[in-house]
Every structure is written in C-alpha cells, then in structure tokens.
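>>> Give me coordinates for this.
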Amino acid sequence: MDLEGQTTPAEEQAGGTSRQTSGRACPRTASAVKATSRQERPDAGARARPAGGKITPSAAPTEAVSRPLMKREGERPAERVPVILETIGTDAYRLVDMGNGEKLEQYGPYRIVRPEAQALWPRSLPSSIWDKADAVFTGDTDEDGMGRWRFPHQALGETWPMQLLGTDFHGRFTAFRHVGVFPEQLVHWQWVQDQIKAADRPLKVLNLFGYTGVASLVAARAGAEVTHVDASKKAIGWARENQALGRGEGLPIRWICEDAMKFIQREERRGSRYDIILTDPPKFGRGPNGEVWQLFDHLPLMLDICREILSPNAVGLVLTAYSIRASFYSIHELMRDIMRGRGGVVESGELVIRESGPDGKTPGHALSTSLFSRWVTK
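Have a look, this model is predicted:
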C-alpha cells in the first residue's frame, strides 16, 4: 500500500494521518479538509479544539505502556458462526447496482459511482441509468488510492445533508473515494440503538476509532452516555459538524482526540467501565508522535483491555475489521479466548450490503464489505 504511513506536513502539524476508514478513506476536495483513510487511520493524535465545541483534554502525548495479556480462566462463550449481517436499501441509502468493477449507490439526493473490485459480474441495469449519476470517482481504484470526483451534470458542493436511523450527518466527497459514512455499519448501529432503548438503565457506550461520529450520535440519541475517541482532528471536527447539523449539541457525548490504545489503557488504570464498546480499527495507522498501529500485532491487547473496561452488566463488545487477508475465524477465535469466563455468545461473520435497485425494493447481488466479531450477553 503505497500511502501507508505517509503524512503531509500539514497533517503532521494537525496531529493526524489520512485514513481511508473505522470504519474506517477521505477524498481530497476543493477545500483543504481531508478525512482519514479506512485502511490507514491515525491511531495517535494531538488534542484538538474544533470550532463549535469543546474537546475533552487528553493526556500529554507519551508512549503507550504495554502489558501482557491477562490469563483468562473459565469456559469460552458459546458461538454463532457464520453470521451474515445484511444492510438493505432505505430512502436515505441504497446500493442500486454493481458490475464491471463499479458500484452505483444512492446517498440522500445523489447517485454516485465508485470503483468496486468485487463486482466481477455484468451490470444488471442499463447504461442509461448509470449515466444519470451525479458524481463519479475517478483515479486510483485501490481502496486507499487517491483520485478525484467528476460531476457529469452540474458542480456539487463538498458536503450534503444525510440522515440514517433518525440521525443527521454530512455526506462528503473525499479524495479517497469515501463519503464520510460506511452504510454497512447500519446493522451494528441498529443493534446498539435497540440495546439502549431496551435497557432499564442508562448505558455507557465507548466508540473507539469513531471517525465522523454517526455511531456516537445514534447511541446518544437513543439515550446513552457516549465517549467518542479518534486520533484525527479532522475526524473529530467532522463529528462535531454532524452533531451541530442535527442540533445535538446537548447530547451527552465526550469527544476525545487521542491515541485509542493510550486512552483505553488509562481508562483501565482509572477503573472506568462501559456497557457497550464499539471498535473499528484500521489495518495500519501512524500518528504524529511516531505511534504505530498494526492490526495483527496490537489487536489482541486492545481487545484484552476492552474486556477489562466492560462493566459487570455489559451488553456487548463489537469489533469490525476491514481490508485484511484473513478469515472471520481469526477474530472470532480471538474474541472467544478474550471473553473466557464472561458467558454470553460470540457471533462472527461478514457485513454485507444487498443491491436493492433504483426503487429500493428489488433485491440483487450482495457485496461483502468487512469481517466482524461481536460478543453479546444473550
């Protein structure tokens, strides 16, 4: 991956790298704003104070102190495999069609075309429908490759309003072809929303690698107290913009710009506890102070610490993994080992998006987007 680990001077000064997230990619647009990449998300960042809100101060940047994995006793949780969690079309988002290495999607008022290497089959819909797309991403077809957007009919602004699960946020054209939201995560967000609404008490939610904050806003609107952590100042700034768009300034969300591992290690020392933890780490990330994140090297310790900061009555721990050469069994077996003695069930598999046609009601091909593993109490 040519861009891994590379940061521009402006990004280093800002305290973040580009992430193609999670979730976790962001296209270069006419403005200077950049998002982080899904595969290459920063896992270290400096304190930031974007306009429109206060960021909880983080500790001074220091090297994260490692520790050995805990020796877990007891039975491994029950398992449900394979589990396919499928996102289908809504009025706000749908996968219209795929084929010939591209996909056609509806994001709010816009239809956009982006590369999709997994679309090996011919298109189902005629060219006359594809030709009506409002925006087409051109350039590098790699997941982390940079390119630009072409607007065939009229110039469009960098952002536009979107809403999913009753939560407002900005869609955004970025130089890494992503648009500020990963709709396959809808199934996790719906699960989180359902758990919070069904609980007989306020739940505390930790959203690690939180990106543009849609999951955090969904959880807070459902009634949870949310801690959102991301190392990128740009991502935190986007999240605050999304909060303002939906007039959610009063929602109980702590926005924390910091290295995720440093944050959870400090929370472990403090004895902090959370009822739901969402974690959407990149495959690789590098921060401004030399911190390096490698998924296969650091994931076991990250999950081990997350286990320690789950509350005694925790509801769930959710892991999503993108762009890795592995079976879902790799993270499934890790999750079951980490959660020894806690009971519950570990369910693992893939997140997929199903084509739903121009009308949102015509099921077609399924697109696999990522692996996931989720420990739940029942």
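>>> Tell me where the model's unsure across the chain.
In the predicted model, the chain carries pLDDT under 70 at residues 1-65, 140-145, 286-290.
>>> Apply 50 and report the result again.
Residues of the chain meeting the criterion pLDDT under 50: 1-64, 288.
>>> Show me the helices in it, by range?
Under the criterion DSSP state H, helices of the chain are mapped to 9-14, 127-130, 186-198, 214-222, 233-245, 260-270, 295-308, 328-338.
>>> Return the distance of the fourth one from the chain's centre.
In terms of C-alpha atoms, centre = their mean, to the nearest Å, the centre of helix 214-222 is found 13 Å from the chain centre.
>>> Mind exporting the C-alpha coordinates of that helix to PDB?
Written as PDB, here are the backbone C-alpha positions of helix 214-222 (Å, rounded to 0.1, in the frame of the first residue of the first chain):
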ATOM      1  CA  VAL A 214     -22.500   8.700  13.300                       C
ATOM      2  CA  ALA A 215     -22.500   5.700  15.600                       C
ATOM      3  CA  SER A 216     -21.900   8.000  18.600                       C
ATOM      4  CA  LEU A 217     -24.800  10.300  17.600                       C
ATOM      5  CA  VAL A 218     -27.100   7.300  17.100                       C
ATOM      6  CA  ALA A 219     -26.200   5.900  20.500                       C
ATOM      7  CA  ALA A 220     -26.600   9.300  22.300                       C
ATOM      8  CA  ARG A 221     -29.900  10.000  20.700                       C
ATOM      9  CA  ALA A 222     -31.100   6.600  21.900                       C
END
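>>> Buried residues of that helix, list them for me.
214-222 (16 or more other C-beta atoms under 10 Å). Quick note: C-beta positions are derived from backbone N, CA and C, even for glycine.
>>> now the second one
Of the residues in helix 127-130, 129-130 count as buried by neighbour count, 16+ other C-beta under 10 Å.
>>> on that earlier part again, residue 357: which of the buried residues of helix 214-222 is nearest?
For the buried residues of helix 214-222, the residue nearest residue 357 by C-beta to C-beta is residue 214; the value is 24.7 Å.
>>> Skipping adjacent residues, who's closest to that closest one in space?
Spatial nearest neighbour of residue 214, chain neighbours left out: residue 169 (5.2 Å); criterion: C-beta to C-beta, 6 or more residues apart in numbering.
>>> swap in residue 108?
Spatial nearest neighbour of residue 108, chain neighbours left out: residue 162 (4.7 Å); criterion: C-beta to C-beta, 6+ apart.
>>> for residue 355, same thing?
residue 364 (3.2 Å).
>>> same check, this time on residue 177
Counting by C-beta to C-beta, 6+ apart, residue 137 is the residue found nearest to residue 177 once chain neighbours are left out, at 4.4 Å.
>>> what ranges do the strands span in the stretch 51-200 of the chain?
Secondary structure of the stretch 51-200 of the chain (DSSP state E, counting those that start in this stretch): strands located at 78-87, 93-99, 102-107, 110-115, 135-139, 147-150, 159-164, 167-172.
>>> and the fifth one with strand 110-115, angle?
Our comparison of strand 135-139 with strand 110-115, counting by axes from the mean of the first three to the mean of the last three C-alpha atoms, to 10 degrees, yields an angle of 20 degrees.
>>> contacts for strand 135-139?
Here strand 135-139 makes contact (C-beta atoms under 8 Å, 6 or more residues apart in numbering) with 27, 110-115, 145-152, 156, 173, 177.
>>> now swap in the second one and tell me
Outside of strand 93-99, the residues within contact range by C-beta under 8 Å, 6+ apart are 88-89, 103-108, 111, 116, 118-119, 121-125, 129-130, 162, 164, 181, 183, 186, 353-358, 360, 364-365, 367.
>>> What is the neighbour count of the residue nearest to residue 108?
By the criterion of other C-beta atoms under 10 Å, residue 162 has 24 neighbours.
>>> partners of it in the sheet?
Bridge pairing for residue 162 (DSSP bridges) gives the partners residue 169.
>>> same thing with residue 207?
Going by DSSP bridges, residue 207 forms beta bridges with residue 228, residue 278.
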